[in-house]
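[1] I'd like to go over a predicted model; first the sequence, then the structure.
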Amino acid sequence: MASLPVTTSAAPTDSDSWTVAGRTFSSRLIVGTGKYKDLEQNAAAVAASGAEIVTVAVRRVNLTDPKAPKLTDYIDPKVTTFLPNTAGCFTAEAAIRTLRLAREAGDWKLVKLEVLAEAKTLYPDMIETVRATELLTKEGFEVMVYCTDDPIMARRCEDAGAVAIMPLGAPIGSGLGVQNPVTIRLIVEGAKVPVLVDAGVGTASDAAFAMELGCDGVLMNTAIAEAKDPILMARAMKAAVESGRLAYRAGRMPKRMYADPSSPLAGLI
Ligand SMILES: CC(=O)[C@@H](O)[C@H](O)COP(=O)(O)O
């Protein structure tokens, strides 16, 4: 009797890490630390997400009251990279002041810059953002930059010294998902530094889609923190980012205008 071909379901193991400013990470998901019920839930969501980097809004950090709970009591900065961000800053000067404070408080050099233009859209003010990127880079910061989904502005940020480009998928906190896949792909194609979709992710398929466009990673906060079950959503996001990345690396099939039989008859015996 002819023996059957041997099949195996064992998944190949491979390392698919990414590097920003000389630091290498395996997880391509970065999560925020706002909007959670409490710090305990926040820490549990971070653990479930597998994230190795968390963003911390410097303006919200408790630096003065030693009795109040601190994020570092729940998430160990020796294990997880803290990425101070300038959430709530509307000018380059305010952002620079905030990050200097972060450097004094925690010796943080790798930072996330966001300079917002207005409260309604929370869109970045790109003129102030590029100016702040240049000044902060000159001061020795390694700046990951929140920016519009505009390939020209993304290039300006990179020219100003950004170590990562982080175009918005949709307005912060909107959960609308990636609105401009064409421009995100153009940013990915043109960038020499990592590109991460930042803001606007609403659910797992949004994160997978961003990764399928070729992004190096995704940064999110609200989609996990405001889910009915944040821990379960954190797990979903981890899986989505990983599978989106695998699909990108695998290379999707071409889209066709017409049907193509899945079981071709030619060559059958
Ligand atoms: C956490 C952080 O850095 C936010 O400023 C970020 O832009 C997240 O946006 P979402 O809450 O829409 O995920």
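    Yes, it's here.
[2] Residues in contact with the helix or strand containing Ala95: which ones?
    For Ala95, the host element (DSSP states H and E) is helix 92-106. Applying C-beta atoms under 8 Å, 6 or more residues apart in numbering, the contact partners of helix 92-106 are 58-59, 61, 63, 77, 82, 84, 86, 89, 108-109, 111, 113-115, 128-129, 131-132, 135-136, 139, 141. The way it works is simple: take the backbone N, C-alpha and C, and place the C-beta from them, glycine included.
[3] swap in stretch 172-182?
    By C-beta under 8 Å, 6+ apart, the residues outside stretch 172-182 that reach it are 122, 149, 169-170, 184, 197, 199-203, 205-206, 209-210, 213, 221-223, 226.
[4] Give me the subset of those that also touch the ligand.
    Ala199, Gly200, Val201, Asn221, Thr222, Ala223 (C-beta under 6 Å from any ligand atom).
[5] Show me those residues that map onto helices.
    Mapping these onto helices (DSSP state H) picks out Thr222, Ala223.
[6] Contact residues of the chain facing the ligand?
    Counting by C-beta under 6 Å from any ligand atom, the chain sits next to the ligand at 32, 55, 85, 87, 112, 114, 172-173, 198-201, 219-223.
[7] try it again with 5 Å
    For the chain, the residues in contact with the ligand (C-beta under 5 Å from any ligand atom) are Gly32, Thr55, Asn85, Ala87, Ile172, Gly173, Asp198, Ala199, Met220, Asn221, Thr222.
[8] so what's the closest residue to the third one other than its chain neighbours up against?
    Closest residue in space to Asn85, ignoring its immediate chain neighbours: Lys112 at 3.9 Å, by C-beta to C-beta, 6 or more residues apart in numbering. Going by C-beta under 8 Å, 6+ apart, Lys112 touches Thr55, Leu83, Pro84, Asn85, Thr86, Val143, Met144, Val145, Tyr146, Met166, Leu219.
[9] tell me which element Lys112 falls in.
    strand 110-113.
[10] Now do the buried residues in that strand.
    By neighbour count on 16 or more other C-beta atoms under 10 Å, the buried set for strand 110-113 is Leu110, Val111, Lys112, Leu113.
[11] Can you classify the residue lying closest to Gly202 once chain neighbours are set aside as helix, strand or coil?
    Using C-beta to C-beta, 6+ apart and skipping residues adjacent in sequence, the residue nearest Gly202 is Gly175, 3.1 Å away. Three-state call for Gly175 (DSSP: H, G, I helix; E, B strand; the rest coil): coil.
[12] Gly175: neighbour count?
    19 (other C-beta atoms under 10 Å).
[13] Also the one 5 residues further on?
    By the measure other C-beta under 10 Å, the count of residues near Asn180 is 16.
[14] How about Val145?
    When neighbours are counted by other C-beta under 10 Å, Val145 registers 32.
[15] Okay, and the beta partners of it?
    Beta bridges link Val145 to Leu113, Ile165 when assigned by DSSP bridges.
[16] ok, it to the ligand distance?
    12 Å (C-beta to the nearest ligand atom, to the nearest Å).
[17] so what's that residue up against?
    So Val145 contacts Lys112, Leu113, Thr129, Thr133, Cys157, Ala162, Ala164, Ile165, Met166 (C-beta under 8 Å, 6+ apart).
[18] Mind giving me the ChimeraX select for those residues, buried ones only?
    Buried members of these, defined by 16+ other C-beta under 10 Å, are picked up in ChimeraX with:
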select :112,113,129,133,157,162,164,165,166
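[19] Many thanks, I have nothing further to ask.
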